[in-house]
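Q: Here is my input, please return the structure:
(2 chains)
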Amino acid sequence: MSNELQPIIELRDISKSYGSVKALIDVSFKAYAGEVIGLVGDNGAGKSSLIKVISGVHAQDSGHLFVDGIERHWKSPHDSMEAGIETLYQDSGLAPDLTIGANIFLGRERRRRGLLGRLGFLDQRGMEREALTELEKVGISVPASKRTVSQLSGGQRQAVAIGRAVMWAKHVIILDEPTNHLGARQSQEVLKVIAAAREQGLCVLFISHTLPHVLEVSDRIIVLRLGRVVRDSPTAEYTVESLLGTITGLSEVTNN
Amino acid sequence: MSTSIDTLESVGPSALKRLQSIVGNQQFILLLVLVALVIFFGERNSLFFTSSEFSNLLIDFSGLALIAVAETYVIISGGIDLSVGSTQAISGVGGGFAMQSLMNHHMSETGVLLIGAVICAGIGLVVGAVNAVLITKANLVPFVATLVTLSAGAGMALVFSRGAPIGQNPEAVAWSATGIGPFTWLVIIVISITTILGITLHVSKYGRNNFAIGSNSFAARAAGINVKRHIASVYMLSGILAGLTGMFFYIRSGAGSPQVGASSNLVAIAAVVIGGASLTGGVGRITGTLLGAGILTIVTDGLIFINVQPTWNQVVVAAFIALAAVLQSIRPGLRS
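A: From the prediction side, this is the model:
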């Protein structure tokens, strides 16, 4: 699948500055359906800026973004969602005071049928029920969906957040540090969900500092440094040491 | 958080869990407090149980209900609106001038009141829009933005009215006493608006967005909700309800007084806090707010009935706010 001609998402010479800080400089890459791409880099390398541009939180200063071969300009995160891109932000993807079901359907609430629905009544029970079954489909089991997210453990929260992204994404899911703060067992569950998303034909952009996780689950790794793409190669061509060297820039020094 | 709940589930029988959920249910406790207050005041003075006092309580409650509902929306969205009191005053004064002019042109009483209500709501909407611009465009925090309109509104009400009530409308006062039994038309209208807005908050997408934004505005924005537009609409709604409350007091007193509502913003916020809403946003219920407003109304009226100086009123209100805050802090599993 990853050899299809049409990339599901393509960036061409994307640049973005915040004031005098150049966060992204001429970033280009292609990603295909059914592919997990690891996006790594040191703090300040531009990972967060990059996903904000792809998901429509910020607009790029210059450069082009193509989804399924069509150039797109996001006005808001809503536009990228409509185009089939789901983004899971670091630590902040859920509303803690809302129930699991309400979070899963946030921004996509469904109304009840009949007169009440026409008056604007939401189908709260139906959404709570469907949230549970949909989460189970991607291998996530959580307690009753009536519980608020603030009552879940960190791992459960992350599972709900990823489950939501997988459930709604048509083309791409972007996961920003999804295994942060998680224990070994919980991290493995997250990696399993990522693999399940690939099986469903989604393209996964996986941002992480935990290099063994990146090496384990991704097909290709893109390394960012100081706002530029410094390497874009199949995962098999990296070792933990060479990856670390590319991230820090030390390997260039030794190569020269 | 979840672990403590899980252990309780596994250790204790369902009775323990039920007890915990009742004690943790602030609304149930508020209802008990409300009933206890009624019994207490009725015990001290049997006149408290008369139907005319019931009618008075309903009217006083209605004067607070709309702005308390407004404040509930605002506080759940993560903000605060300090301007609801002075918006009442400026709407009452502005509406008073307009209705005086209409009466001078011999318009029918019904027409005067209907147009007056629209004008009061309109003035409230303008104040709410100013709040919305200050918060969503100028990026002021809601506390500061609504402090600005609080001062400006109160000042303008005094300047335009020169400190005196505007308009003389005894017919409005006469109409304010009509209705069905103890329920005057004014009370019925307020209860209807309150019911619709209460249901909207808890079953509609608009209400759901309100909770989501107050709980985590970043998540709400990431989910595609237009956060700024929603916040703006909440302050405009609050302004409209404060304006209508200005009309409410115009009808009750037959004039638009610049003094009205001087402290009602704090009473409204107190009702919301007593009702269990979190000032950090994301948590709250309309029923809680209405119970809170009911308790404050009963205390205020009841103290007069048992011959306590009305000046003690604020101290008692403070005690209830403290009680509510303590209840919230012992409630299990609320926030992480």
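Q: which stretches of chain A form helices?
A: Per DSSP state H, chain A carries helices over the ranges A:47-55, A:77-82, A:100-104, A:114-118, A:124-137, A:154-168, A:184-199, A:211-217, A:240-248, A:250-255.
Q: Could you count how many residues lie near A:K137?
A: 13 (other CB atoms under 10 Å in any protein chain shown). All C-beta spots, glycine's among them, are computed from the backbone N, C-alpha and C.
Q: For chain B, which of the helices of chain A is the nearest?
A: Closest to chain B of the helices of chain A is helix A:77-82 (CB to the nearest CB; 3.5 Å).
Q: List of residues touching that closest one?
A: Here helix A:77-82 makes contact (CB atoms under 8 Å, 6 or more residues apart in numbering or on different chains) with A:54-57, A:72, A:74, A:87, A:107, A:168, B:221-224, B:226.
Q: repeat that for 10 Å
A: Contact with helix A:77-82 is made by A:52-58, A:65, A:67, A:72-74, A:76, A:85-87, A:89, A:107-108, A:168-172, A:174, B:221-226, as judged by CB atoms under 10 Å, 6 or more residues apart in numbering or on different chains.
Q: on that earlier part again, tell me the most buried of the helices of chain A?
A: helix A:100-104 (a mean of 26; mean count of other CB atoms under 10 Å in any protein chain shown).
Q: That one: how far from the chain's middle?
A: Here helix A:100-104 is found 18 Å from its chain centre; the criterion is CA atoms, centre = their mean, to the nearest Å.
Q: Flag the shaky bits of the stretch 1-150 of chain B, pLDDT-wise.
A: Scanning the stretch 1-150 of chain B with the threshold set as pLDDT under 70 gives B:1-24.
Q: Going by residue numbers, what spans are helices in it?
A: Here the stretch 1-150 of chain B has its helices, by DSSP state H, counting those that start in this stretch, at B:2-11, B:14-24, B:26-44, B:51-76, B:84-104, B:109-136, B:142-161.
Q: Tell me how far A:A144 lies from A:H181.
A: From A:A144 across to A:H181, the span is 24 Å (CB to CB, to the nearest Å).
Q: These two: which has the busier surroundings?
A: Neighbour comparison, A:A144 and A:H181: the larger count goes to A:H181, with 13 against 10 (by other CB under 10 Å).
Q: Look up the closest residue to the more buried one, ignoring the ones flanking it.
A: Excluding the flanking residues, the one nearest A:H181 by CB to CB, 6 or more residues apart in numbering or on different chains is A:G154, at 5.5 Å.
Q: The residue lying closest to B:L327 once chain neighbours are set aside: how many residues sit nearby?
A: Using CB to CB, 6+ apart and skipping residues adjacent in sequence, the residue nearest B:L327 is B:Q26, 5.5 Å away. Other residues within reach of B:Q26, judged by other CB under 10 Å, total 21.
Q: which ones are touching residue 193?
A: Picking chain A for this. A:135, A:138-140, A:158-159, A:162-163, A:165-166, A:173, A:175, A:178, A:204, A:217.
Q: sorry, should have said chain B
A: Per CB under 10 Å, 6+ apart, neighbours of B:I193: B:62, B:65-66, B:69, B:240-241, B:244.
Q: same thing with B:F160?
A: Neighbours of B:F160 in contact, by CB under 10 Å, 6+ apart: B:90, B:93-94, B:96-97, B:166, B:256, B:258.
Q: okay if I get those residues as CSV plus distance to A:K192 and neighbour count?
A: Shown next, in CSV, are the contacts of B:F160 (distance: CB to CB, whole Å; neighbours: other CB atoms under 10 Å in any protein chain shown):
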residue, distance to A:K192, neighbour count
B:I90, 60, 32
B:V93, 66, 30
B:G94, 64, 25
B:G96, 68, 28
B:F97, 69, 16
B:I166, 70, 23
B:G256, 67, 32
B:P258, 67, 27
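Q: Including mean pLDDT and distance to A:Q6, could the helices of chain A go into TSV?
A: Formatted as TSV, the helices of chain A follow (pLDDT from 0 to 100; distance: least, CB to CB, whole Å):
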stretch	mean pLDDT	distance to A:Q6
helix A:47-55	91	17
helix A:77-82	86	18
helix A:100-104	91	30
helix A:114-118	87	39
helix A:124-137	86	27
helix A:154-168	84	22
helix A:184-199	85	18
helix A:211-217	91	24
helix A:240-248	89	28
helix A:250-255	61	33
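Q: Let me have the ones you listed in a markdown table, extended by distance to B:Y235.
A: Shown next, in a markdown table, are these (distance: least, CB to CB, whole Å):
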| stretch | distance to B:Y235 |
| --- | --- |
| helix A:47-55 | 28 |
| helix A:77-82 | 22 |
| helix A:100-104 | 24 |
| helix A:114-118 | 28 |
| helix A:124-137 | 27 |
| helix A:154-168 | 30 |
| helix A:184-199 | 40 |
| helix A:211-217 | 44 |
| helix A:240-248 | 46 |
| helix A:250-255 | 54 |
